[in-house]
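1. Quick one, what's the 3D model for this:
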Amino acid sequence: MTRTKKSAASSKRINPEKRQQPAAAQGSSAAGPIDAASLIDKSHTLLAQSNFELAIKFLDRALELEPSNIEARELVGIAELEAGDEERGREHLLQLFPPHAAEPPSHPSPYLYLAQSASEPQEALGYYSTATAMLEKRIAEKDRKGKGKQQGAEGEDEEVDEDVQMAVTALVAMIEIWMSDLCFEEAAEKNCDSLIQRALSISPNDPEVKLSLASIRMSQSRFEDAKQVVISLYNDLEGREPFDPILPALPVRLALSRLLLEHSLHLEALDILSTVREEDSLNIEGAYLEGWALYLRAEAIKENPSLLTSTITKAEDGEDDEPMSVEECLSESMRSLVECAKLYEDQEYEDEGIGSHVAELLEELTKNGVVPAIHDEEDEDGDVEMA
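-> The predicted model follows:
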């Protein structure tokens, strides 16, 4: 298979599962004695607030009171990982397994976190495999219970969704490993096909699953199949306004935009990127891809001027919405790239590939006399100011 980005484990964190809190925690009060249950209860709130440092202090204290408390041990491991100390986090989580414990954990969270923090691809695959098997079993059991019945309570639906999302995330992470670290293995293509079928059976319309399917087809040189998948995903999102809850997370939309550009679907990529740019104007990759998409659009028009007449659409007022000319595309491209270069420097961004490509494009545009576009924007009082 064609090698893609290197990744021993998915960078997307999987949240610790929401399990029922002990009765002691529910009834604890600030005036009463401090016990492990109340400390664990407070740590759940802190973890939900991403206050990992304080959560660790509460959990360390809980372990002082009850060194064998499994929930505290798991949560402090997760908190340490989220806070950036992988060594300490893994040390805590591994204590949940034999020989430190009588039996390994019976729920997927520890396996998922250990997979995400694994340094070796085979280790990550092992933990992911165990977790996905657990999740698929839970999903199947819930599906069986739900047959012929009305939907359950709202909390039950949310729990099912959480299991499905965790399973999909883990399966996609496994595919990424086979397409990067293990891409030269003989079984890579077969395993990717098997994993993507499992993901599709769980959540066929999930955007990440569709993106993963398109990437697999690209690596197999099945470009038309990949293009159809990408177009299908774009059609699901076309016309959505920024902040629409139907839209997937920004990283998913950025990945979709990249694939759209790979298939020369420049206007479609710009449509998706417009939602990214409005939701997060400081997103470096969004600014970069917008500039690159506009540059590619200009190049496409140069090669095929008929694009200027074939893409005329109707605006909201009923008038013809004229597509941008080559000059306008390049001017808008430079504007986005200049903004990207500034964001790149301000944020000390680590992706050198984006930085060097932006510099290369800006140098070319400058040599060709392109001037960044200037937009009229309204300030908070409604007054027009020049951007």
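2. Spatially nearest residue to I56 (excluding sequence neighbours)?
-> Spatial nearest neighbour of I56, chain neighbours left out: A79 (4.9 Å); criterion: C-beta to C-beta, 6 or more residues apart in numbering. For the C-beta atoms, the positions are set from N, CA and C on the backbone; glycine is no exception.
3. Help me confirm that the one you found is found in a helix?
-> Yes: A79: assigned to a helix according to DSSP: H, G, I helix; E, B strand; the rest coil.
4. What separation do you get for it and A173?
-> The gap separating A79 from A173 is 21 Å, by C-beta to C-beta, to the nearest Å.
5. What is the neighbour count of the residue nearest to I56?
-> 28 (other C-beta atoms under 10 Å).
6. ok now do it, which residues does it touch?
-> Each residue near A79 by C-beta atoms under 8 Å, 6 or more residues apart in numbering is listed here: S43, L47, F52, A55, I56, L59, G89.
7. Can you give me the pLDDT of it?
-> pLDDT recorded at A79 is 97.
8. ok, now the one 5 residues further on?
-> Model confidence at G84, expressed as pLDDT, equals 93.
9. That one and S109, how far apart?
-> In terms of C-beta to C-beta, G84 sits 19 Å off from S109.
10. now swap in K42 and tell me
-> On the measure of C-beta to C-beta, K42 and S109 end up 19 Å apart.
11. Of these two, which one has the most company?
-> S109 (22 against 18).
12. thought the more buried one was touching E74?
-> Yes: assessed by C-beta atoms under 8 Å, S109 is found in contact with E74 at 6.9 Å.
13. So what's the residue count around E123?
-> Count around E123 with other C-beta under 10 Å applied: 15.
14. Equivalent analysis for E185, please.
-> 13.
15. Could you do the one 5 residues further on as well?
-> In terms of burial, K190 registers 12 neighbours under the definition other C-beta under 10 Å.
16. buried set for the host helix or strand of it?
-> Using DSSP states H and E, K190 sits within helix 188-202. Neighbour-count burial for helix 188-202 flags A188, E189, N191, C192, L195, I196, R198, A199, L200, I202 (criterion: 16 or more other C-beta atoms under 10 Å).
17. Grab the CA positions of it and hand them over as PDB.
-> Extracted in PDB, the C-alpha atoms of helix 188-202 (Å, rounded to 0.1, in the frame of the first residue of the first chain):
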ATOM      1  CA  ALA A 188      -1.600  -4.200   5.200                       C
ATOM      2  CA  GLU A 189      -4.100  -3.900   2.400                       C
ATOM      3  CA  LYS A 190      -6.100  -6.900   3.600                       C
ATOM      4  CA  ASN A 191      -6.200  -5.600   7.100                       C
ATOM      5  CA  CYS A 192      -7.300  -2.100   6.000                       C
ATOM      6  CA  ASP A 193     -10.100  -3.500   4.000                       C
ATOM      7  CA  SER A 194     -11.300  -5.700   6.900                       C
ATOM      8  CA  LEU A 195     -11.100  -2.800   9.400                       C
ATOM      9  CA  ILE A 196     -13.000  -0.400   7.100                       C
ATOM     10  CA  GLN A 197     -15.700  -2.900   6.600                       C
ATOM     11  CA  ARG A 198     -16.100  -3.200  10.400                       C
ATOM     12  CA  ALA A 199     -16.300   0.600  10.700                       C
ATOM     13  CA  LEU A 200     -18.800   0.900   7.900                       C
ATOM     14  CA  SER A 201     -21.000  -1.800   9.500                       C
ATOM     15  CA  ILE A 202     -21.000   0.200  12.800                       C
END
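18. How far away from the center of its chain is that helix?
-> 19 Å (C-alpha atoms, centre = their mean, to the nearest Å).
19. which other helices and strands contact that helix?
-> helix 121-146, helix 154-179, helix 207-219 (3 or more C-beta pairs under 8 Å, 6 or more residues apart in numbering; DSSP states H and E).
20. Out of the ones you listed, which gets the lowest mean score?
-> helix 154-179 (a mean of 81).
21. now for that helix, which elements pack on it?
-> helix 109-116, helix 121-146, helix 188-202, helix 207-219.
22. Now do the shortest one against helix 154-179, angle only.
-> Between the axis of helix 109-116 and that of helix 154-179 there is an angle of 30 degrees, by axes from the mean of the first three to the mean of the last three C-alpha atoms, to 10 degrees.
23. send the alpha carbons of helix 109-116 over as CSV?
-> Extracted in CSV, the C-alpha atoms of helix 109-116 (Å, rounded to 0.1, in the frame of the first residue of the first chain):
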residue,chain,number,x,y,z
SER,A,109,-10.9,3.0,28.2
PRO,A,110,-7.6,1.8,29.6
TYR,A,111,-6.8,-0.1,26.4
LEU,A,112,-7.7,2.9,24.2
TYR,A,113,-5.5,5.3,26.2
LEU,A,114,-2.6,2.8,26.2
ALA,A,115,-3.0,2.3,22.5
GLN,A,116,-2.9,6.1,21.9
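24. for L337, what are its contacts?
-> Applying C-beta under 8 Å, 6+ apart, the residues contacting L337 are A287, Y288, G291, W292, Y295, V358, L361, L362, L365.
25. Wait, a strand at it?
-> No: counting by three-state DSSP, L337 is not part of a strand but helix.
26. pLDDT at it, what is it?
-> The per-residue pLDDT reported for L337 equals 97.
27. Please name the nearest non-neighbouring residue to it.
-> Closest to L337 by C-beta to C-beta, 6+ apart is G291, at 3.8 Å.
28. Can you give me the neighbour number for the residue nearest to N69 when sequence neighbours are not counted?
-> Excluding its sequence neighbours, the residue lying closest to N69 (C-beta to C-beta, 6+ apart) is A36, at 5.5 Å. Neighbour count for A36, taken as other C-beta under 10 Å: 22.
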